[in-house]
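Student: starting from these lines, generate the structure:
(one chain, ligands or ions: 1)
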Amino acid sequence: MTSSFIQVLNGQPKNPVPIWMMRQAGRHLPEYLALRSQAKNFLDFCYSPAMAAEATLQPIQRYDMDAAILFADILLVLDAMGFNVEFEKRIGPLVETIAPDKPLKQVPVETAVSRLSPVYETVRRVRQKLPFDKVLIGFCGAPWTVALYAIEGRGGTDKSVARSWAYLHPSALKNLLDAIIEISALYLKGQVDAGADAVMLFESWAEGLPDNVFQQIVCQPNAALIARLRDLGVTVPIIGFPRGAGTVLGNFVSSVPVNGVGLDTSISPDFVNQTVPTNIAVQGHLDPLLLIAGGEALDQRVRDILTAYKHRPHIFNLGHGVRPETPIAHVQRVVDLVREGV
Ligand code: 1CP
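Tutor: Model (predicted):
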């Protein structure tokens, strides 16, 4: 039988709605911290199928979530492409950068894809252990977000260097995006062949782009990645997440053929209902900071989000990832409220 999670992604509303949370695995869980301390570094952790599978399953064992998300990172794709990638404590990822006038290092695509094979093994192990009614979400970074790390070396910048490439070095940017699209498509196919039931494309740095540039470097590459995936025979539902798209969210859903769209904390449910066609599932919104704060305001916001999307396909989620300081009791409370339904 198809899980209600997949039914929602296929366009059917459900009450109660399915729930999962971005970064549900990770530092807010003591069991994650214990496991993480056993690994030499974060990349080793991601490339260890035993540890990564355990981290993927931890939130499912603790909470009644409807989906597990593969434990990995969007920067594994750059690592596989031959970029030096390091994760610094308290700073985040640092990536070797490329210059617009230098050719891309060409690790053959097959080599890059096989370097990611521990991730496929993680997917296999998780799918074997996961109850049949729980969904396993595979993922990768969407092309522009991955390209941004290759150009700027880190996230959380004002993106001006990478954004200028759209004007100053459009063909170098296109070459980089095309290389990321091809390996990402093969990587996601590997995840789906290993047992992922749906995939999500994280476009975390989509904020603040002019509409024409948004079309060129976010919408077109996301659409090209999906076209390539379908071409490779991948049929599972796809969730897009153009974080910070704001008023151009409508451009994204009209030009990128996603089954579901992730919503950040900044747009209103009213805007979403006016902008996103009802055959596309929505997920997201809840502020991770409100999840930390808890109390009546959290309960009210959860109910408001459920009510706003009562008549359309909806998966409950946050507008961004669970933060390390989040109390477990608050996550539990949200799961309980969502299970009650509206
Ligand atoms: O010490 C640690 O444990 C490192 C923290 C951490 C974790 C738990 C990083 C470093 N990555 C991850 C896992 C991860 N990353 C997952 C699987 C876990 C889950 O969701 O439950 C996923 C889906 C990601 C995706 C990811 N990585 C994104 C897209 C989502 C988002 O947050 O917008 C991005 C942008 C990254 C890059 C990255 N990796 C790690 C950090 C701290 C960051 C973001 C910040 C930065 O670039 O500065």
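
Student: so which residues of the stretch 151-300 of the chain form helices?
Tutor: Listed in chain order, the helices of the stretch 151-300 of the chain (DSSP state H, counting those that start in this stretch) span residues 160-168, 170-194, 211-214, 220-231, 249-255, 269-275, 288-293, 296-308.

Student: of all those helices, which one comes closest to the ligand?
Tutor: Shortest distance between the ligand and those, using C-beta to the nearest ligand atom, is found for helix 288-293: 10.1 Å. For the C-beta atoms, the positions are set from N, CA and C on the backbone; glycine is no exception.

Student: and the closest one, C-alpha only, in CSV?
Tutor: The C-alpha coordinates for helix 288-293 follow below in CSV (Å, rounded to 0.1, in the frame of the first residue of the first chain):
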residue,chain,number,x,y,z
PRO,A,288,12.9,26.7,14.0
LEU,A,289,13.2,29.4,16.6
LEU,A,290,9.5,29.0,17.6
LEU,A,291,10.2,25.3,18.0
ILE,A,292,12.9,26.3,20.5
ALA,A,293,10.7,28.8,22.3
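
Student: residue contacts, the residue of the stretch 101-250 of the chain found nearest the ligand?
Tutor: Residue of the stretch 101-250 of the chain nearest the ligand, by C-beta to the nearest ligand atom: residue 155 (2.5 Å). Applying C-beta atoms under 8 Å, 6 or more residues apart in numbering, we find residue 155 in contact with 92-93, 148-149, 204-205.

Student: mind running it again at 6 Å?
Tutor: Contacts for residue 155 (C-beta atoms under 6 Å, 6 or more residues apart in numbering) come out as none.

Student: which among the helices of the stretch 151-300 of the chain is found nearest to residue 3?
Tutor: Minimum separation from residue 3 across the helices of the stretch 151-300 of the chain (C-beta to C-beta) falls at helix 170-194, 15.8 Å.

Student: will you turn the helices of the stretch 151-300 of the chain into TSV that also has distance to residue 143 and mean pLDDT?
Tutor: Formatted as TSV, the helices of the stretch 151-300 of the chain follow (distance: least, C-beta to C-beta, whole Å; pLDDT from 0 to 100):
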stretch	distance to residue 143	mean pLDDT
helix 160-168	12	97
helix 170-194	5	97
helix 211-214	13	97
helix 220-231	4	98
helix 249-255	13	98
helix 269-275	23	97
helix 288-293	25	98
helix 296-308	29	98
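
Student: up against the ligand, what does this protein have?
Tutor: 22-27, 36, 42, 69, 71, 73-75, 87, 92-93, 139, 154-156, 202, 204, 321 (C-beta under 6 Å from any ligand atom).

Student: just how off-centre is stretch 6-14 within its chain?
Tutor: 19 Å (C-alpha atoms, centre = their mean, to the nearest Å).

Student: leaving out chain neighbours, which residue sits closest to residue 97?
Tutor: residue 153 (4.5 Å; C-beta to C-beta, 6 or more residues apart in numbering).

Student: the one you found and residue 95 touch, don't they?
Tutor: Yes - Residue 153 is in contact with residue 95 according to C-beta atoms under 6 Å; the separation is 5.1 Å.

Student: pick out whichever of those two has more residues nearby.
Tutor: Taking other C-beta atoms under 10 Å, residue 153 and residue 95 do not tie; residue 95 has more neighbours (22 against 17).

Student: please pick the buried ones from the residues of the chain next to the ligand.
Tutor: 22-26, 42, 69, 71, 73-75, 87, 93, 139, 155, 202, 204, 321 (16 or more other C-beta atoms under 10 Å).

Student: tell me the confidence at residue 1?
Tutor: Note for residue 1: predicted pLDDT of 74.

Student: again with residue 104
Tutor: Residue 104 is given a pLDDT of 85.

Student: that one: neighbour count?
Tutor: 16.

Student: do the same with the one 10 residues further on
Tutor: Neighbour count for residue 114, taken as other C-beta under 10 Å: 13.

Student: A strand includes it, no?
Tutor: No - read with DSSP: H, G, I helix; E, B strand; the rest coil, residue 114 is helix and lies in no strand.

Student: strands of this protein, start to end?
Tutor: Counting by DSSP state E, the chain has strands at residues 67-69, 85-88, 92-95, 135-141, 198-203, 238-242, 260-263, 281-286, 314-318.

Student: would JSON lines of those strands with mean pLDDT and distance to residue 123 be doable?
Tutor: Shown next, in JSON lines, are the strands of the chain (pLDDT from 0 to 100; distance: least, C-beta to C-beta, whole Å):
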{"stretch": "strand 67-69", "mean pLDDT": "98", "distance to residue 123": "10"}
{"stretch": "strand 85-88", "mean pLDDT": "95", "distance to residue 123": "21"}
{"stretch": "strand 92-95", "mean pLDDT": "95", "distance to residue 123": "22"}
{"stretch": "strand 135-141", "mean pLDDT": "98", "distance to residue 123": "6"}
{"stretch": "strand 198-203", "mean pLDDT": "98", "distance to residue 123": "11"}
{"stretch": "strand 238-242", "mean pLDDT": "98", "distance to residue 123": "16"}
{"stretch": "strand 260-263", "mean pLDDT": "98", "distance to residue 123": "20"}
{"stretch": "strand 281-286", "mean pLDDT": "97", "distance to residue 123": "21"}
{"stretch": "strand 314-318", "mean pLDDT": "98", "distance to residue 123": "20"}
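
Student: many thanks, have a good one.
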